[in-house]
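S.K.: coordinates only, no sequence provided:
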């Protein structure tokens, strides 16, 4: 996705007459001076600037729509699927200033399944049902009968390209979310005509990247999002800033972060960036002395962050399995969660440690349903037991798995007990959970 100043440069090329004055200046600063009436300008001049600001917001949305469509035309990056799996595992709070919907699009791409409940859930749960709307909704939301699914939360402080409202609506009643623009590998761009019938009489709810955002805080949708993000920051142990520059012009965010660091439980702030030094100094200026603020330099900050979380979860799973009872002879299978009759489960048939024992690879049968995996006669070998696995992982730091007749290897991050009434053994199973998307079948010529 383009950075803020890149968006400004694009607007300058699209409309030289209106946005030509952007040259050489920060787009954020430029917007700040047009978002609010200035006391030294006449009423007519301020109205003219507000019209420019409104046009800029509309063009930003159009530019992002095109960028999102280009991203979705490609396969989903492996690290992104793994990152979403990790956030779900940790029930993370993700506070973002990005307008795009790429994180939400991961769920339909992966046909993501909650291994704790064995069921899929809609992406509206990521937003805690805020704003409301039929898109990405679940039965729980429509009926008002239960809370959002217990997964990670995505607090989109600047709004989203698929959020709409009537500008100036302080009640928030007009705010709604609409459909996603497809999935990775299967983009489905939404055109202006469709937006008109999905959100009639409304415009995009995009909080501008400017220092003065006060007009957008009058509605409860935005207030609740910022309030939830602040509570998440204040109650965290570790805060990781990924690719965020913490610009001096963003007074609201600096104030929120400073108050969270002083009044909360944060003990560590990690700044993951290509050039993190300047951001580290700005955060240190906001943090009390007892908060450790340090840099994690990375060429690809988000992918590096995902790899770190994945390695940590892999080590934790090994420790969890080694701590289980010696009497537990449950059998093992791997599963990405079955989708009705579409099976995404397979029994573990063989274990192979690496030469140094630090990594252990598991070989599984072909994907089938859970019932097929626990008792299908097509597998020539009986599934291995937890006892067999524990004997092979004493020195391991990571478990990986591959599935017969499929490409790739996946890192295992969790284990869930399950009981089967038929099939191999006494019916006790441990379902091993991989990070990322289910493997694609190998295509034969």
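M.R.: Arrived safely, thanks for sending. None of the values given here were measured: they were computed from a predicted structure.
S.K.: residue 347: what's it in contact with?
M.R.: Under the criterion of Cβ atoms under 8 Å, 6 or more residues apart in numbering, the contact list for residue 347 reads 331, 332, 333, 364, 365, 373, 374, 376, 379, 383, 424. To be clear about C-beta, it is placed using only N, CA and C from the backbone, and glycine gets the same treatment.
S.K.: quick one: which of those is the most crowded by neighbours?
M.R.: The member of those that has the most neighbours, counting by other Cβ atoms under 10 Å, is residue 373 with 31 neighbours.
S.K.: using a markdown table, lay out the contacts of residue 347 together with secondary structure.
M.R.: Below are the contacts of residue 347 laid out as a markdown table (DSSP: H, G, I helix; E, B strand; the rest coil):
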| residue | secondary structure |
| --- | --- |
| 331 | strand |
| 332 | strand |
| 333 | strand |
| 364 | strand |
| 365 | coil |
| 373 | helix |
| 374 | helix |
| 376 | coil |
| 379 | coil |
| 383 | coil |
| 424 | coil |
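S.K.: by pLDDT, give me the weakest of these.
M.R.: For the contacts of residue 347, the model is least confident at residue 379; its pLDDT is 55.
S.K.: return the member of the contacts of residue 347 nearest to residue 197.
M.R.: Using Cβ to Cβ, residue 373 is the member of the contacts of residue 347 that lies nearest residue 197, at 44.4 Å.
S.K.: grab the nearest non-local neighbour of the closest one.
M.R.: With sequence-adjacent residues excluded and distances taken as Cβ to Cβ, 6 or more residues apart in numbering, residue 373 is closest to residue 345, at 4.3 Å.
S.K.: ok, now which ones touch the one you found?
M.R.: Under the criterion of Cβ under 8 Å, 6+ apart, the contact list for residue 345 reads 333, 334, 335, 336, 338, 367, 368, 369, 370, 372, 373, 431.
S.K.: any regions of the stretch 201-350 of the chain where pLDDT drops low?
M.R.: Low-confidence segments of the stretch 201-350 of the chain, defined by pLDDT under 70, span residues 209-215.
S.K.: can you give me the strands for it?
M.R.: Assigned by DSSP state E, counting those that start in this stretch, the stretch 201-350 of the chain shows strands spanning 203-206, 238-242, 268-273, 292-297, 331-335, 345-353.
S.K.: do I have it right that residue 375 meets residue 425?
M.R.: No. Applying Cβ atoms under 8 Å, one finds residue 375 not in contact with residue 425, separated by 9.4 Å.
S.K.: before we move on, back to that, and the contacts of residue 347 as a markdown table, adding distance to residue 184?
M.R.: As requested, these are arranged in a markdown table below (distance: Cβ to Cβ, whole Å):
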| residue | distance to residue 184 |
| --- | --- |
| 331 | 34 |
| 332 | 30 |
| 333 | 27 |
| 364 | 24 |
| 365 | 27 |
| 373 | 27 |
| 374 | 31 |
| 376 | 31 |
| 379 | 32 |
| 383 | 32 |
| 424 | 36 |
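S.K.: can you tell me which of those lies nearest to residue 76?
M.R.: Of these, the one sitting nearest to residue 76 (Cβ to Cβ) turns out to be residue 364, at 21.9 Å.
S.K.: the spatially closest residue to the closest one that is not a sequence neighbour bridge partners, please.
M.R.: Of all residues not flanking residue 364 in the chain, residue 346 sits nearest, at 3.9 Å (Cβ to Cβ, 6+ apart). In this structure, residue 346 bridges to residue 334 when assessed by DSSP bridges.
S.K.: residue closest to the middle of this structure?
M.R.: By Cα atoms, centre = their mean, the mean C-alpha position of the chain lies nearest to residue 103, the distance being 4.3 Å.
S.K.: most tightly packed of the strands of the stretch 201-350 of the chain?
M.R.: Of all those, strand 331-335 has the most neighbours on average by mean count of other Cβ atoms under 10 Å, namely a mean of 25.
S.K.: so it versus strand 345-353, what angle?
M.R.: Following axes from the mean of the first three to the mean of the last three Cα atoms, to 10 degrees, one obtains 110 degrees for the angle between strand 331-335 and strand 345-353.
S.K.: which elements pack onto strand 331-335?
M.R.: Contact here means 3 or more Cβ pairs under 8 Å, 6 or more residues apart in numbering; DSSP states H and E; on that basis strand 331-335 packs against strand 345-353, strand 359-364, helix 370-375, helix 386-392, strand 428-434.
S.K.: kindly reformat the strands of the stretch 201-350 of the chain as JSON lines containing distance to residue 394.
M.R.: Formatted as JSON lines, the strands of the stretch 201-350 of the chain follow (distance: least, Cβ to Cβ, whole Å):
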{"stretch": "strand 203-206", "distance to residue 394": "53"}
{"stretch": "strand 238-242", "distance to residue 394": "29"}
{"stretch": "strand 268-273", "distance to residue 394": "31"}
{"stretch": "strand 292-297", "distance to residue 394": "31"}
{"stretch": "strand 331-335", "distance to residue 394": "17"}
{"stretch": "strand 345-353", "distance to residue 394": "9"}
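S.K.: how about stretch 250-270: buried residues?
M.R.: Neighbour-count burial for stretch 250-270, counted by 16 or more other Cβ atoms under 10 Å, picks out 250, 252, 253, 254, 256, 257, 260, 261, 264, 266, 269, 270.
S.K.: list the contacts of it.
M.R.: Contact with stretch 250-270 is made by 28, 97, 157, 209, 211-213, 226, 229-230, 233-241, 246, 248, 282-283, 286-288, 290-296, as judged by Cβ under 8 Å, 6+ apart.
S.K.: just the ones of the residues you listed in helices?
M.R.: Secondary structure defined by DSSP state H assigns 28, 226, 229, 230, 233, 234, 282, 283, 286 of these to helices.
S.K.: compare those and tell me which is most surrounded.
M.R.: Counting neighbours by other Cβ under 10 Å, the one among the ones in helices among the contacts of stretch 250-270 with the most is residue 283, which has 25 neighbours.
S.K.: nearest residue to it other than its sequence neighbours?
M.R.: Here the residue nearest residue 283, using Cβ to Cβ, 6+ apart, is residue 293, at 4.9 Å.
S.K.: isn't that neighbour up against residue 284?
M.R.: Yes. Residue 293 is in contact with residue 284 according to Cβ under 8 Å; the separation is 4.9 Å.
S.K.: how about residue 287, what does it touch?
M.R.: With contact taken as Cβ under 8 Å, 6+ apart, residue 287 is in contact with 258, 261, 262, 266, 269, 293.
S.K.: which one of these is nearest residue 308?
M.R.: So of the contacts of residue 287, ranked by how close each gets to residue 308 (Cβ to Cβ), first place is residue 269, at 15.0 Å.
S.K.: hmm, back to that, between the strands of the stretch 201-350 of the chain, which one is nearest to residue 130?
M.R.: Minimum separation from residue 130 across the strands of the stretch 201-350 of the chain (Cβ to Cβ) falls at strand 203-206, 11.4 Å.
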